[in-house]
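Colleague: Got a sequence here, can you build the structure:
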Amino acid sequence: MAHSVEFLFDDESEVRLRMFWEALAASHLPNAGTNPSPTNRPHVTAAATRRIDPAADRAVRQCTAALPIPVTIGAPLIFGRGDRLVVALLVVPTARLLTAHLQLVEALSGHAFTADDEPGVFSHSLPGSWTPHVTMARRVHSDVLADVVAALDLPPRGIRAGATEDGGIRATITAIRRWDGDSRTDVVFDEYPDGSGSAS
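Modeller: Model (predicted):
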């Protein structure tokens with residue numbers, strides 16, 4: 001299983017993003033909210049690889065100095081091909097977000113390893129190739145793809161107050177976590193430079 005380092009949102013932003021999952025579920029469409037695990041949260045994968053050594057935690061924790069990061073959730077994106085598509089919402093890349101991403105990838109240096117046990121992260125996680133997004137639905141078949149995208153183009157009523165003038169959704173990244181896909185556990189870092197927050 002893949003390991004990753006991810007950006008997490010504040011409570012208000014997470015509620016808004018979960019509303020999209022719930023809207024898809026209400027329409028009996030594929031959605032990322034079907035996994036009942038408490039670790040299943042809206043997130044932005046900053047770096048994915050085959051294995052991350054827990055020794056990375058100290059360097060990853062230092063990256064919380066960049067938090068909080070305000071972002072805008074934008075238009076739907078489609079990844080993959082055939083009938084195993086992933087539908088996501090773009091997180092509009094800003095200089096601040098891209099800098100934080102670069103810092104995280106650098107923090108993993110010497111601690112992250114790809115499938116052939118070579119140091120590094122998967123190529124789509126590298127600066128210049130990374131597309132920040134929040135997954136809305138996985139394993140989407142082509143026959144329902146248009147319905148999924150249409151549902152995401154109509155924000156749930158409860159989050160319209162957080163909409164930007166161009167139709168995006170305001171959100172704030174306030175934590176970073178390391179996800180261990182083998183043990184299906186995470187370590188969350190929300191500690192700011194002044195010592196507030198914690199790792200859990």
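
Colleague: So what pairs up with the residue nearest the centre of the chain in the strands?
Modeller: The residue lying closest to the centre of the chain (CA atoms, centre = their mean) is Val44, at 1.5 Å. Counting by DSSP bridges, Val44 is bridged to Phe7.

Colleague: so it touches Phe7, yeah?
Modeller: Yes - using CB atoms under 8 Å, Val44 is in contact with Phe7, at 4.2 Å. Glycine gets a C-beta too; all of them are placed from N, C-alpha and C.

Colleague: any residues in contact with both of the two?
Modeller: Counting by CB atoms under 8 Å, 6 or more residues apart in numbering, the common neighbours of Val44 and Phe7 are 132, 173.

Colleague: Setting aside sequence neighbours, what's the nearest residue to Ser142?
Modeller: Closest residue in space to Ser142, ignoring its immediate chain neighbours: Asp83 at 5.6 Å, by CB to CB, 6 or more residues apart in numbering.

Colleague: in a strand, that's where that neighbour is, yeah?
Modeller: No - read with DSSP: H, G, I helix; E, B strand; the rest coil, Asp83 is coil and lies in no strand.

Colleague: Could you check how many residues crowd around it?
Modeller: Using other CB atoms under 10 Å, Asp83 is surrounded by 12 other residues.

Colleague: who's in contact with the nearest residue to Pro93 once chain neighbours are set aside?
Modeller: In space, and not counting its chain neighbours, Pro93 is closest to Pro132: 5.7 Å by CB to CB, 6+ apart. Contacts of Pro132 were listed using CB under 8 Å, 6+ apart, and they are 7, 44, 46, 71, 90-93, 97, 101.

Colleague: try it again with 6 Å
Modeller: With contact set as CB atoms under 6 Å, 6 or more residues apart in numbering, Pro132 has these partners: 44, 91, 93.

Colleague: Check it and give its pLDDT.
Modeller: pLDDT, Pro132: 98.

Colleague: What separation do you get for it and Ala46?
Modeller: Here the distance between Pro132 and Ala46 works out to 8 Å (CB to CB, to the nearest Å).

Colleague: isn't there a helix covering Val148?
Modeller: Yes - looking at Val148 with three-state DSSP, it is inside a helix.
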